[in-house]
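[1] Pasting the sequence and the predicted coordinates here, then a few questions.
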Amino acid sequence: MTSATATPGSTAGATATSGSTAAAGLVVKGLVKIHPGPVCALKGIDLEIPGGMFGLLGPNGAGKSTFMSIVAGLVEPTAGRVLLDGTDIVANPRFVRERLGFLPQDFGFYPELSGRAMLEFLLRLKGISGPRGRTALADALLERVNLADAAKRKVGGYSGGMRQRLGLAQAIAGDPRILIVDEPTAGLDPEERQRFYRLLAELAVGRVVLLSTHIVDDVATLCPRLAVIKSGHVVADTTPSAARESVDGLVHEGFVADADLPAFAAAHRVLSAVLVEGRTNRVRVFVPPGGTPPAGFTKSPGTLEDAYLVLMRVPDHEVPPALARSVPDATEATR
Ligand SMILES: Nc1ncnc2c1ncn2[C@@H]1O[C@H](COP(=O)(O)OP(=O)(O)OP(=O)(O)O)[C@@H](O)[C@H]1O
Ligand SMILES: [Mg+2]
């Protein structure tokens, strides 16, 4: 690594914005990533994430993991800058690695090891120990994530939620400034998901936490701020309540028989269609200002899920401008 010369503040590349003091938290400017192929996974991402829990919401292939890997200093961007507390982490990846906890999307565990042995192994890899030794630190971390009772059990027998909590235990070792969790709740049952949410909310205090997900509930439950990413672009930089308000009054709900659904979907902006008792569909539609709702449909309060689906399914020119940018002084959201 050639980061020895990258002293924070010593180069233009290490200063947050010209004329201002270095911003606390994470600042991302013009981030582009072209994977071999070529696949342009990120097409110019601008975000400012001051601290606390920040949700990155987007469908499969949107670029979430690519974004997370760059912020974690694991993947080099093709262009753009990432600043953590004012230091350029592309020029100085060691800076972020020393301050980072990362729970990747696919965490590989050795199924034959006990939870404690697995964690100790991961701590050794990270070069982290505690004042009373590595085993004592592993035990304290297992306690922290409510796995003390399962410390001696083989990881192969852990539930999905237990594995994710073990992943979090290694991520928070060393008290990182920034915690990155990539789709942590996929595959968890509702009870495990709630338990994971609680733990993550506790761990977010005093940190930057980046949570990527395609599950709107994750963001609604945990994140005071979120960005929606679609095909490598940030299409919204907002808060859950601002996103809800921006679609409020524009969402209507009604019922449509299964056989009629294709024709209905061709004529209206369908956000969601949920089968009810195997016979009919509860359908939510987006009706732009001045538009006529389908016959028999009634106005329904807007939800964060509606706002997300508007961004995914409604043509750009019909998306309410307030949905794309509802955070005051947010960086320019690219569309
Ligand atoms: N190493 C790679 N080489 C080539 N293409 C890649 C690589 N990694 C990701 N991609 C492509 O880049 C795009 C974004 O992928 P990415 O994994 O960042 O999306 P994601 O939002 O995390 O998706 P998911 O929700 O499925 O995890 C996709 O088209 C993907 O196929
Ligand atoms: Mg991913």
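    Received the coordinates, thanks. Ligands and ions are numbered 1, 2, ... in the order given.

[2] ok, residues contacting stretch 183-201?
    Identification of contacts with stretch 183-201 by Cβ atoms under 8 Å, 6 or more residues apart in numbering yields 53, 64-65, 103, 105, 145-146, 159-161, 164-165, 167-168, 181, 209, 211-215, 218, 221-222. Any C-beta I mention is one placed from the backbone N, CA and C, and that applies to glycine too.

[3] With stretch 128-146 instead?
    115-116, 119-120, 123-124, 148, 150-151, 165-166, 168-170, 172-174, 195, 199.

[4] Just the ones of those in strands?
    The members of these all map outside strands under DSSP state E.

[5] Give me the buried entries from those residues.
    If you count burial by 16 or more other Cβ atoms under 10 Å, the buried members of these come out as 115-116, 119-120, 123, 150-151, 165-166, 168-170, 172-174, 195, 199.

[6] which residues touch residue 276?
    With contact taken as Cβ under 8 Å, 6+ apart, residue 276 is in contact with 255, 282.

[7] Give the bridge partners for it, please.
    Beta bridges link residue 276 to residue 280, judged by DSSP bridges.

[8] returning to what we had before: filter the contacts of stretch 183-201 down to the ones in helices?
    Among the contacts of stretch 183-201, the residues falling in helices (DSSP state H) are 64-65, 160-161, 164-165, 167-168, 218, 221-222.

[9] Can you give me the pLDDT of the residue of the stretch 51-200 of the chain found nearest ligand 2?
    Proximity to ligand 2, evaluated over the stretch 51-200 of the chain using Cβ to the ion, is greatest for residue 65 at 3.1 Å. pLDDT recorded at residue 65 is 94.

[10] shouldn't it be in contact with residue 103?
    No. In this structure residue 65 lies outside contact range of residue 103 using Cβ atoms under 8 Å: 11.9 Å.

[11] so the residue nearest the centre of the chain bridges to which residues?
    Residue closest to the average C-alpha location in the chain (Cα atoms, centre = their mean): residue 212, at 1.9 Å. Beta-bridge partners recorded for residue 212 (DSSP bridges): residue 56, residue 182.

[12] begin at 14 from here
    In the new numbering, first residue 14, that becomes residue 225.

[13] wait, it sits on residue 69?
    Yes. Residue 225 is within contact range of residue 69, at 4.3 Å (criterion: Cβ under 8 Å).

[14] can you tell me which residues contact residue 299?
    Residue 299 sits next to 260, 263-264, 282, 284, 319, 322-323, 326-327, 331 when contact means Cβ under 8 Å, 6+ apart.

[15] Mind doing that once more with 6 Å?
    Applying Cβ atoms under 6 Å, 6 or more residues apart in numbering to residue 299 gives the contacts 263, 282, 284, 323, 327.

[16] Which one's more surrounded, residue 78 and residue 116?
    More neighbours surround residue 116 than the other of residue 78 and residue 116, with 23 against 18 (other Cβ atoms under 10 Å).

[17] Would you mind measuring from the residue nearest to the centre of the chain to residue 239?
    Distance, residue 225 to residue 239, by Cβ to Cβ, to the nearest Å: 10 Å.

[18] Please name the nearest non-neighbouring residue to residue 234.
    Closest residue to residue 234 apart from its sequence neighbours, by Cβ to Cβ, 6 or more residues apart in numbering: residue 210 at 5.3 Å.

[19] show me where the stretch 164-313 of the chain has strands.
    Assigned by DSSP state E, counting those that start in this stretch, the strands in the stretch 164-313 of the chain fall at 191-195, 221-226, 238-243, 246-251, 264-270, 282-289, 293-299, 311-312.

[20] Tell me the pLDDT of residue 22.
    At residue 22, pLDDT is 34.

[21] Contact partners for the closest residue to ligand 2 within the stretch 214-348 of the chain?
    Nearest residue of the stretch 214-348 of the chain to ligand 2 (Cβ to the ion) works out as residue 225 at 6.6 Å. By Cβ under 6 Å, 6+ apart, the contact set of residue 225 is 69, 77, 81, 195-196.

[22] Neighbour count added to the residues you listed, as TSV?
    Shown next, in TSV, are the contacts of residue 225 (neighbours: other Cβ atoms under 10 Å):
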residue	neighbour count
69	29
77	25
81	23
195	22
196	21
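
[23] and of those residues, the nearest to ligand 1?
    For the contacts of residue 225, the closest approach to ligand 1 (Cβ to the nearest ligand atom) belongs to residue 77, at 3.4 Å.

[24] Distance-wise, check that closest one relative to residue 113.
    Residue 77 sits 17 Å away from residue 113, taking Cβ to Cβ as the criterion.

[25] just residue 322 next, same as before
    33 Å.

[26] Which one's more surrounded, the two?
    Taking residue 322 and residue 113 together and counting by other Cβ under 10 Å, residue 113 has the greater number of neighbours (23 against 20).

[27] in the sheet, who's paired with that one?
    Counting by DSSP bridges, residue 113 is bridged to residue 191.

[28] shouldn't it be in contact with residue 188?
    No. Using Cβ atoms under 6 Å, residue 113 makes no contact with residue 188, being 11.2 Å away.

[29] Show me which residues of this structure are close to ligand 1?
    By Cβ under 6 Å from any ligand atom, the residues of the chain that approach ligand 1 are 48-50, 52, 54, 71, 73-79, 118, 227.
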